[in-house]
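J.: Let me see the structure of the following:
(chains A and B)
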Amino acid sequence: MTAQIAAFLTVDGVTTGSIYVLIALGFVLIFAVTRVIFVPFGDIAAFTALTLSALQTKHLPGTVGLVAALAALATLLEVIRLARARRPGQIPRALLFYLVLPLIPAAAVWATAGMTLPLPVTIILALALILPIAPLLDRVVFRPIADGTVLLLLTVSVALHFALVGLGLLFFGPEGVRTEPMSDYMVMVAGVPVSGQTLMIMAAAVIFSGLLFLFFEFTITGKSLHATAVNRTGARLMGIRPERAGTIAYLLGSLLAGISGILISPVNTIFYDSGFLIGLKAFVGAIIGGLVSFPVTAIGALFVGILESFAAFQNSAFKEVIVFGVLIPVLMWRSYTFAHSEEDIDE
Amino acid sequence: MALLEIDNLTVSYGKAEAVRGVSLNVETGRIVTVIGPNGAGKTSLLTAAMGLLRAGGTLRFDGEDISQLETEKRIEMGLCLVPEKRELFADMSVYDNLLLGGFIGRHDRARVRSDMDAVFDRFPRLAERRTQKAGTLSGGERQMLALGRALMGRPRLLMLDEPSLGLAPLIIREIFHIISSLRETGVSILLVEQNARAALETADFGYVMETGEIGHSGPAEGLIHDPRLIATYLGAGH
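T.: Below is the predicted model:
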């Protein structure tokens, strides 16, 4: 391998790794606050890319129906819960959050379908439409079993992923899509061509990791999310609602996944089931961070991207084997060097 | 007028009744204690008052029925529980723990800042350790942080569950001294303790709880000299 090839593979690896960084941070965020390993997270990224492509080809994306159906279901559950608890005064608020807000982007996409819109507008529409999906799934699927074990939550999460992949096939068909490139800028770095798209992906990873850091370090909302993650009971006693913290975590996570979906779709062809593999590789990065540390997760996800790129060059048939094989030494290292969490001790 | 009125409260875990028809009052500005042995149902009583446990009976706070209200609403009304385990945010700094204590008043930054200064005045040791992680504090400092964090929410009723648990005798004296000094802030206190003597010396009124029911009750001054209590809970010498 020449230095030129190594440089090329590194750029390629850092690009893919940056995508994994965004998704892996979302995994850690959602797991820390809700204890759910949100397997369908990669699907959220893929759905954003597919929705964007549908908007660009002037089709009505099936995700509009999904959002509307989930909003209706979540609203129904919430209204029944409030009626049972004899708190009818809270119903208007529930209608606003579970019905009106998610339906705004759905209605906007529905109304503008078939129109020719500038690229930034379609991107914003696609993102806005995807954002409510995970919080609504949380309300419908995870909140009724919020006190369950991590294993139960994971099992349900896997089932949810398969359901979403099925819906993805129904909504978007079996063909892969590539969205319009966002820039045709090209620059040579150390003899390696680096495209504007690549630079954007790397910049997004840096910017959103930085924003997430600032959010947790300097805002009371960020701190309340952190507090919910480290001590749920303690947080409740301060008047922090764990459900609301969960919703914020799902929204932020979805934003990260959505952005990565939009950034990757001009570079890689995205199919209805592409999300799983992207998500799984990001998950390896999250595991390296022990599902708790954001900085180690980011480094881990970058490492996975670079490893994948070199593995693909050396022996493309074993690319996935090498990447997932890394999990075994990582898990051994973590189980020997890190103290077990409080939950493990309690059980 | 009573700030908190608990009427015929019942808590059950499956078939086992942890609290059976308990009634008690906490008058405004008073320190009321519930003493009793381990397993008497004291913690269940507080947990139910906070709305974290399902309970039968009626709870009135400031004259308003709060039995059906969710925990967060009770907190907004001014109830606050410092649980036995303290439930601090171990990997966050003292400062951040206090900041989150003021979560319900977070939109008023001036209020949070002045409350924080007041807590640091009351607990100078917390001020010294403001950047230290809560998990690295000593037992006494943790209890101070738990109290300080609770005060940040400007509670009207502070419910303390075994504040002396696991602390050295000297620290216990300091903690009880702090609790009785809280009286001047106007907060009412419901104090649950196994350390009966220290609790009765601090409180105005006491209830004795045994196997889920209230046995005796009366002014703390009287209970401390009650021969029946001396035999069972207070011991002769100490």
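J.: Domain map for chain B?
T.: B:1-78+B:155-238, B:88-154 (automatic domain parsing).
J.: Spell out whether the shortest one and chain A are in contact.
T.: Right, domain B:88-154. Yes: legend: contact between domain B:88-154 and chain A by C-beta under 8 Å from any C-beta of the partner chain is shown at B:88-92, B:96, B:99-101, B:103-104, B:106, B:149, B:153. All C-beta spots, glycine's among them, are computed from the backbone N, C-alpha and C.
J.: Of the residues you listed, just say which sits nearest to A:Thr221.
T.: Distance to A:Thr221, by C-beta to C-beta, is smallest for B:Arg106 among the residues of domain B:88-154 next to chain A, at 8.6 Å.
J.: Could you double-check that the closest one sits in contact with B:Asp115?
T.: No: counting by C-beta atoms under 8 Å, B:Arg106 does not reach B:Asp115; the two are 11.1 Å apart.
J.: Would you quantify the distance from the residue of the stretch 201-347 of chain A found nearest chain B to A:Tyr185?
T.: Residue nearest to chain B within the stretch 201-347 of chain A: A:Gly234 (3.4 Å; C-beta to the nearest C-beta). From A:Gly234 over to A:Tyr185 the distance is 49 Å, taken as C-beta to C-beta, to the nearest Å.
J.: what bits of chain B have low per-residue confidence?
T.: Counting by pLDDT under 70, chain B has low-confidence residues at B:235-238.
J.: Residue numbers of it in contact with chain A?
T.: When proximity is defined as C-beta under 8 Å from any C-beta, chain B approaches chain A at B:50, B:52, B:68, B:70-72, B:75-76, B:80-81, B:83, B:87-92, B:96, B:99-101, B:103-104, B:106, B:149, B:153.
J.: Just the buried ones from those residues, in PyMOL syntax?
T.: The following PyMOL line selects those of the residues of chain B next to chain A that are buried, judged by 16 or more other C-beta atoms under 10 Å in any protein chain shown:
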select buried, chain B and resi 50+52+71+72+75+80+81+83+87+88+89+90+91+92+96+99+100+101+103+104+106+149+153
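J.: so where's the longest helix in chain A?
T.: Counting residues, the longest helix found in chain A (DSSP state H) is helix A:3-34.
J.: Now the element after it, going C-ward?
T.: helix A:41-56 (DSSP states H and E).
J.: and B:Leu53, what does it touch?
T.: Taking C-beta atoms under 8 Å, 6 or more residues apart in numbering or on different chains as the criterion, B:Leu53 is in contact with B:11, B:44, B:47.
J.: I should have written A:Ile124 there, sorry.
T.: No residues are in contact with A:Ile124 under the rule C-beta under 8 Å, 6+ apart.
J.: Any regions of chain A where pLDDT drops low?
T.: A:338-347.
J.: Please enumerate the strands of it.
T.: For chain A, strands defined by DSSP state E occupy the ranges A:186-189, A:192-195.
J.: between A:Gly234 and A:Tyr185, who's got more neighbours?
T.: The residue with more neighbours, out of A:Gly234 and A:Tyr185, is A:Gly234; 25 against 13, by other C-beta atoms under 10 Å in any protein chain shown.
J.: ok, the more buried one touching B:Asp91?
T.: No: applying C-beta under 8 Å, one finds A:Gly234 not in contact with B:Asp91, separated by 11.8 Å.
J.: about what we covered before: what comes up buried for the longest helix of chain A?
T.: A:8-34.
J.: residue nearest the centroid of the chain?
T.: No chain specified, so I'll use chain A. A:Ala257 (3.3 Å; C-alpha atoms, centre = their mean).
J.: Correction: the question concerned chain B.
T.: Note: chain B centre (C-alpha atoms, centre = their mean) maps to B:Leu160, 1.4 Å.
J.: mind checking how far it is from chain A?
T.: 12 Å (C-beta to the nearest C-beta, to the nearest Å).
J.: which is the next helix or strand following the helix or strand harbouring that residue?
T.: Per DSSP H and E, B:Leu160 falls inside strand B:157-161. Heading C-terminal from strand B:157-161, the first helix or strand you meet, by DSSP H and E, is helix B:169-181.
J.: tell me the contacts of the residue of the stretch 1-150 of chain A found nearest chain B?
T.: Chain B sits closest to A:Arg86 of the stretch 1-150 of chain A, with a gap of 6.1 Å, by C-beta to the nearest C-beta. Neighbouring residues of A:Arg86 by C-beta under 8 Å, 6+ apart: B:Gln68.
J.: tell me the SS of the closest residue to B:Gly135 other than its chain neighbours?
T.: Of all residues not flanking B:Gly135 in the chain, B:Ala90 sits nearest, at 3.4 Å (C-beta to C-beta, 6 or more residues apart in numbering or on different chains). Under DSSP: H, G, I helix; E, B strand; the rest coil, B:Ala90 falls in the coil class.
J.: B:Ala90 touches A:Ala227, doesn't it?
T.: No: contact status for B:Ala90 versus A:Ala227: not in contact, 10.4 Å apart, counting by C-beta under 8 Å.
J.: Enumerate every residue touching the closest residue to A:Ala83 other than its chain neighbours.
T.: Closest residue to A:Ala83 apart from its sequence neighbours, by C-beta to C-beta, 6+ apart: A:Ile91 at 7.7 Å. Contacts for A:Ile91 (C-beta under 8 Å, 6+ apart) come out as A:79, A:82-83.
J.: Does B:Asp7 belong to a helix, a strand or coil?
T.: Applying three-state DSSP: B:Asp7 is strand.
J.: Could you measure from the closest residue in space to it that isn't next to it in sequence over to B:Ala40?
T.: Distances taken as C-beta to C-beta, 6+ apart put B:Thr58 closest to B:Asp7, at 4.4 Å, once the chain neighbours are dropped. Using C-beta to C-beta, we find B:Thr58 at a distance of 21 Å from B:Ala40.
J.: The two - which one has more neighbours?
T.: B:Ala40 (23 against 14).
J.: Just say helix, strand or coil for the more buried one.
T.: Quick answer, by three-state DSSP: B:Ala40 is coil.
J.: Can you list the buried residues in stretch A:285-293?
T.: By neighbour count on 16+ other C-beta under 10 Å, the buried set for stretch A:285-293 is A:285-292.
J.: Touching, A:Thr10 and A:Glu308? I think so.
T.: No: with contact defined as C-beta under 8 Å, A:Thr10 does not reach A:Glu308; the gap is 11.8 Å.
J.: Inside strands: which ones of the contacts of B:Leu53?
T.: Checked against DSSP E, the contacts of B:Leu53 include these in strands: B:Val11.
J.: which one of the contacts of B:Leu53 sits closest to chain A?
T.: When the contacts of B:Leu53 are compared against chain A (criterion: C-beta to the nearest C-beta), the nearest one is B:Thr47, at 10.0 Å.
J.: Please work out which residue of chain B is closest to chain A.
T.: For chain B, C-beta to the nearest C-beta, closest residue to chain A: B:Glu87, 3.4 Å.
J.: How about the backbone phi and psi for that residue?
T.: phi 50, psi 50 (degrees, to the nearest 10).
J.: which non-adjacent residue is nearest it?
T.: A:Gly234 (3.4 Å).
J.: can you tell me how far that neighbour sits from B:Asp161?
T.: Counting by C-beta to C-beta - A:Gly234 and B:Asp161 are separated by 13 Å.
J.: ok, now B:Val187?
T.: 16 Å.
J.: ok so, going back, from the contacts of A:Ile91, list the buried ones, please.
T.: So, by 16+ other C-beta under 10 Å, the buried ones in the contacts of A:Ile91 are A:79, A:82.
J.: can I assume B:Leu53 sits in a helix?
T.: No: B:Leu53 sits outside any helix when classified using three-state DSSP, being coil.
J.: okay, the helix or strand hosting B:Met209 in PDB with CA atoms only?
T.: For B:Met209, the host element (DSSP H and E) is strand B:205-210. This file holds the C-alpha atoms of strand B:205-210, laid out as PDB (Å, rounded to 0.1, in the frame of the first residue of the first chain):
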ATOM      1  CA  PHE B 205     -44.400  17.400  67.500                       C
ATOM      2  CA  GLY B 206     -43.900  13.700  67.100                       C
ATOM      3  CA  TYR B 207     -45.700  10.600  65.900                       C
ATOM      4  CA  VAL B 208     -44.600   7.000  66.700                       C
ATOM      5  CA  MET B 209     -45.100   4.600  63.800                       C
ATOM      6  CA  GLU B 210     -45.100   0.800  64.200                       C
END
